[in-house]
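Visitor: my questions concern the predicted model and sequence given below.
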Amino acid sequence: MDLLFPACALRTTSLALAATLAGSFLGVPTAALAQDNLSVRSVVRLPGETRIEKQGDLHFGDILAGNTGGTITLGVNGAVSTTGTVQSLGGDPQPAEFVITRTLLADFPTYSGPAGSDSVLLTHINAPGETMVLRNFTTDFNRTIFFGLPAYLFRTSYDFRVAGTLDVEGDQEPGQYLGFFTVTIDYD
């Protein structure tokens, strides 16, 4: 199929192009030509790159401190146990969940924290003087498959959980408490 343009349109375009070229050679200012720009994001993942991503926060759910306090322990399987007058009221308690991405049979991750002896101070979000201590961290990172081999060995994506025990004072100030801990994975 042939496209037909009116002769005057072609001539106008030719004259405009000739005027632009002549102006640029002679140093005469000419009208600017329109230009569109588009930014594009580029993402590259290099082979052998290993990373960790948080899938969910450590959440003890809703608790009632009682008059003498105690502890609430959350297991990596989501099981909750309490001591003293502390009661778990539900509210979807869950361990923190992470996933690592690794190169199969090329890098070998080792979990190095937080460990059982580490502790983190949680602070009331509206009353900074009110705190609780998170301690006795546990993880299922080192679970095994057949013959005692690490569960991550034949996987490029591996999920694991971190949990712990929360010390709750008697008549602890109601509200939300916030604290941070760092999960460290070393690669050999």
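Guide: Looks like it came in fine.

Visitor: ranges for the helices of this structure?
Guide: Using DSSP state H, the helices of the chain run over 7-26.

Visitor: where are the low-confidence patches of it?
Guide: The model of the chain has pLDDT under 70 over residues 1-50.

Visitor: OK, contacts around residue 54?
Guide: Applying Cβ atoms under 8 Å, 6 or more residues apart in numbering, one finds that residue 54 lies in contact with 96-98, 183. The way it works is simple: take the backbone N, C-alpha and C, and place the C-beta from them, glycine included.

Visitor: buried members of those residues into PyMOL, please.
Guide: Buried subset of the contacts of residue 54, written as a PyMOL selection, criterion 16 or more other Cβ atoms under 10 Å:
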select buried, resi 96+97+98+183
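
Visitor: among the contacts of residue 54, which two are most distant?
Guide: Comparing all pairs in the contacts of residue 54 by Cβ to Cβ, the longest separation belongs to 97 and 183, at 10.5 Å.

Visitor: burial measure for residue 95, as a count.
Guide: If you count neighbours by other Cβ atoms under 10 Å, residue 95 ends up with 24.

Visitor: which ones are touching it?
Guide: Shown in contact with residue 95 (Cβ under 8 Å, 6+ apart): 58, 74-78, 161-163.

Visitor: how about 7 Å then?
Guide: By Cβ atoms under 7 Å, 6 or more residues apart in numbering, the residues touching residue 95 are 58, 74, 76, 78, 161-163.

Visitor: how close does it sit to residue 148?
Guide: Per Cβ to Cβ, to the nearest Å, residue 95 is found 24 Å from residue 148.

Visitor: what's the answer for residue 109, then?
Guide: 17 Å.

Visitor: compare those two and say which is more crowded by neighbours.
Guide: The neighbour count for residue 109 versus residue 148, taken as other Cβ under 10 Å, is higher for residue 109 (18 against 6).

Visitor: hey, what's that one bridged with?
Guide: When bridges are called by DSSP bridges, residue 109 pairs up with residue 187.

Visitor: that one: what's it in contact with?
Guide: Contacts for residue 109 (Cβ under 7 Å, 6+ apart) come out as 100, 102, 152, 185, 187.

Visitor: and which of the contacts of residue 54 is nearest to residue 52?
Guide: Among the contacts of residue 54, and counting by Cβ to Cβ, the member closest to residue 52 is residue 98, at 5.7 Å.

Visitor: for the longest strand seen in the chain, name the packing helices and strands.
Guide: Using DSSP state E to define each element, the chain has its longest strand at strand 157-169. Applying 3 or more Cβ pairs under 7 Å, 6 or more residues apart in numbering; DSSP states H and E, one finds that strand 157-169 contacts strand 69-74, strand 96-101, strand 131-139.

Visitor: perfect, that will be all.
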